[in-house]
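K.L.:
With the sequence up front, the predicted model follows.
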Amino acid sequence: YIWPEPQLDALELFRWEPDKSGLLGLIQPCNFFLPGGSSTGRSDVSDWIRTAYHDMATHNVTDGTGGMDASIRFAEEQARPEDVGDGFQNTVSSLIKHATRYISMADVLTVGAMVAIENCGGPELAFRGGRIDAVAPNKPGVPEPQQDLDSHISAFARQGFTKTDMIGLVACGHTFGGVQHAAFPDSVPELNDPNNTQSVSHFDSTFVTFDNNIATEYISGTTKNPLVVGLNDTTNSDKRIFASDGNATMQSFAKSADHFSLTCADLFARMFNTVPRGVQLTEVITPLPIKPDNLKFDLAIDGKTIDFSGQVRFWDPPANKTQKVRMLWDDRVNGTNNATLISSGVSPSGVRHTVAWYDTPLLTLQSSAGITNMRFVVDGKLEDQGGVGFAIQDDLIWSKSSCVYTNTSITSGRFEIAVRNTLNPTRVFLEQASKDNISRPIIVEFDLARVSPPAAKPVYNLWSAIVNNTFTAFTIGAEIDGVKVTRNDPRSVEGFASCTGLS
Ligand code: HEM
């Protein structure tokens, strides 16, 4: 896609920079378990993957209901026998807080499970965003281990998967985790093991790593999978499922780790893309090779100049080499300008990728000139998104006359937005991310009032309001000809000057 595209930009960042959101920190090392530590025998990766499956498993291909829609967050769903255990609540409380106006809770659950699979040995997965969060629990529909093979085949068929898909998806999921004694006391014993305090009988010997040991151990007869060799044969559902085609699928997985990995990449992607009818997923979101980020514009108090700074991210840059990066930008007055960007480091992004960051110098632009478009020259090569460049919006920006009342609370302040005089909004407002009573992200708006501009012939008009609340970061919104627009990159109010001393 072509940057900027607010929802795709946000999804791309969340999907491809799991270090930044903190997701990766919750699954590194892969046996990390937030609510109790790795000596529990449990892991966040297993909880996140199982939660995604249980969210999807309510899908009904015939009536189009259920699917990946974060309905698993509702206590009523979690209380069902088919959703036994606290893994769902653990997952939901770690993950759904990352949902935003652009990233639904269902997209967050999807990315969480994908990041878990990929960063713990699994294949890289194709991600589409745009799932829509359920407003109420779905009908029940998750398979349970005591059910017979026919009911499992029909449950998977209802979810949109064949018998062969079922064997694959169960094997792909059960390469992680195991069965807990507390949840299934009749299927697995208490272990009395200080390194496995929650008595989890694991599905394979490498239970926090994606690999085909789930299949090799099953085929070689060494498996300890509690749903294959469990003492209670009624709950040996993996045994019935794996053997349902005469072991052909499991044999093919045992024979080839690559075949297992490719099959799982396909099945997991289909699982994540199983959504209620009518939901339109985005294109597959791949990382942008070059992506501007954190662009900041601040109008000077006299209204004559704009301070501009920002960063540019380079995806998988050449190793051990600092690139020479120049930014070219168009303005409304002088034509094209340029500046050299400053390398500010390379960091890993997940376990497979690296990102290099380059900073712009702090530039002072004439207000009348502003900035409309930019391009980059990287080691002599022009990078301009196939000729269109990187379109920049400088029409709704912060004014440096914004300030906070430090003597009361950092979150009370006088916030001022500068609106380029070519725009004629009917409303200008601050936007604060919040949640509704069923946890869905919403935007709370604080209206500003138009005030006198700072200069006699202003390029920007000011809008202002005093806001007292507990929030700490805002984006800028406006309504123009009845249409709402927003400018991204929330601005933390901590960055503003103190109102004391400002007129
Ligand atoms: C007939 C289908 C399935 C049955 C009957 C089944 C059954 C179970 C059972 C009984 C557990 C133990 C849960 C606990 O102790 O809390 C479990 C765990 C798990 N299942 Fe499944 N499962 C099925 C399909 C799947 C699929 C398709 C996936 C993913 C693609 C999956 C992923 C997981 C994971 C990751 C765990 C480990 C959870 C943990 O260790 O915390 N399962 N499953």
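P.N.:
Ah, there it is. Please read these numbers as outputs of a predicted model, since none were measured by experiment.
K.L.:
which residues touch Gln438?
P.N.:
Residue 438: Ile, not Gln. Neighbouring residues of Ile438 by Cβ atoms under 8 Å, 6 or more residues apart in numbering: 74, 133, 135. (Each C-beta comes from the backbone N, C-alpha and C, glycine too.)
K.L.:
Kindly report the residues of the chain close to the ligand.
P.N.:
Within the chain, the positions lying close to the ligand (Cβ under 6 Å from any ligand atom) are 42, 46-47, 49-50, 53, 85, 87, 143-145, 152, 169-170, 172-174, 176-180, 183-184, 200, 237, 241, 271.
K.L.:
Just the buried residues from the residues you listed, in PyMOL please.
P.N.:
Selection of buried members from the residues of the chain next to the ligand for PyMOL, criterion 16 or more other Cβ atoms under 10 Å:
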select buried, resi 42+46+47+49+50+53+85+87+143+144+145+152+169+170+172+173+174+176+177+178+179+180+184+200+237+241+271
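K.L.:
before we move on, back to that, could you dump the contacts of Ile438 into a markdown table and include distance to Thr249 and pLDDT?
P.N.:
What follows is the contacts of Ile438, written out as a markdown table (distance: Cβ to Cβ, whole Å; pLDDT from 0 to 100):
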| residue | distance to Thr249 | pLDDT |
| --- | --- | --- |
| Phe74 | 34 | 98 |
| Asp133 | 34 | 98 |
| Val135 | 38 | 98 |
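K.L.:
Mark which of the residues you listed are buried, thanks.
P.N.:
Buried, going by 16+ other Cβ under 10 Å: 74, 133, out of those.
K.L.:
circling back: filter the residues of the chain next to the ligand down to just the ones in helices.
P.N.:
46-47, 49-50, 53, 87, 152, 169-170, 172-173, 237, 241, 271 (DSSP state H).
K.L.:
Now tabulate those residues in TSV and tack on pLDDT.
P.N.:
Formatted as TSV, these follow (pLDDT from 0 to 100):
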residue	pLDDT
Ser46	98
Asp47	98
Ile49	98
Arg50	98
Tyr53	98
Gly87	97
His152	98
Leu169	98
Val170	98
Cys172	98
Gly173	98
Ser237	98
Ile241	98
Met271	98
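K.L.:
Just give me the closest of these to Glu5.
P.N.:
Nearest to Glu5 among those, counting by Cβ to Cβ, is Met271 at 26.1 Å.
K.L.:
ok, that closest one - contacts?
P.N.:
Listed by Cβ under 8 Å, 6+ apart, the contact set of Met271 reads 52-53, 56, 68, 169.
K.L.:
just Thr305 next, same as before
P.N.:
299, 364-367 are the contacts of Thr305 under Cβ under 8 Å, 6+ apart.
K.L.:
worst-scoring helix or strand of the protein, pLDDT-wise?
P.N.:
strand 497-498 (a mean of 86; mean pLDDT, DSSP states H and E).
K.L.:
now what about it, what contacts it?
P.N.:
400, 402-406.
K.L.:
can you pick the most crowded of the residues you listed?
P.N.:
Among these, Ser402 has the most neighbours (other Cβ atoms under 10 Å), with 24 neighbours.
K.L.:
Would you agree that one is in contact with Leu430?
P.N.:
No: under the criterion of Cβ atoms under 8 Å, Ser402 makes no contact with Leu430, lying 10.0 Å away.
K.L.:
TSV please, covering the ones in helices among the residues of the chain next to the ligand and showing distance to Thr222.
P.N.:
Output for those, formatted as TSV (distance: Cβ to Cβ, whole Å):
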residue	distance to Thr222
Ser46	21
Asp47	26
Ile49	24
Arg50	24
Tyr53	26
Gly87	27
His152	24
Leu169	23
Val170	19
Cys172	20
Gly173	20
Ser237	20
Ile241	19
Met271	28
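K.L.:
Now find how far off-centre stretch 283-291 is within its chain.
P.N.:
14 Å (Cα atoms, centre = their mean, to the nearest Å).
K.L.:
how far does it stretch from start to finish?
P.N.:
Its start and end residues considered, stretch 283-291 measures 18 Å (Cα to Cα, to the nearest Å).
K.L.:
Can you name the residues in contact with that stretch?
P.N.:
Stretch 283-291 is contacted by residues 1, 3, 8-9, 11-12, 15-16, 126-129, 312-316, 353, 376, 378, 383 when judged by Cβ under 8 Å, 6+ apart.
K.L.:
What about the residue lying closest to Asn232 once chain neighbours are set aside, how many residues nearby?
P.N.:
Leaving aside its sequence neighbours, Asn232 sits nearest to Ser187 (Cβ to Cβ, 6 or more residues apart in numbering; 5.1 Å). When neighbours are counted by other Cβ under 10 Å, Ser187 registers 21.
K.L.:
Offset the numbering so it begins at 738, please.
P.N.:
Let's use 738 as the start, then, which means that last one is Ser924.
K.L.:
Look up how far Ile978 lies from Ser924.
P.N.:
Here Ser924 is placed at a distance of 15 Å from Ile978 (Cβ to Cβ, to the nearest Å).
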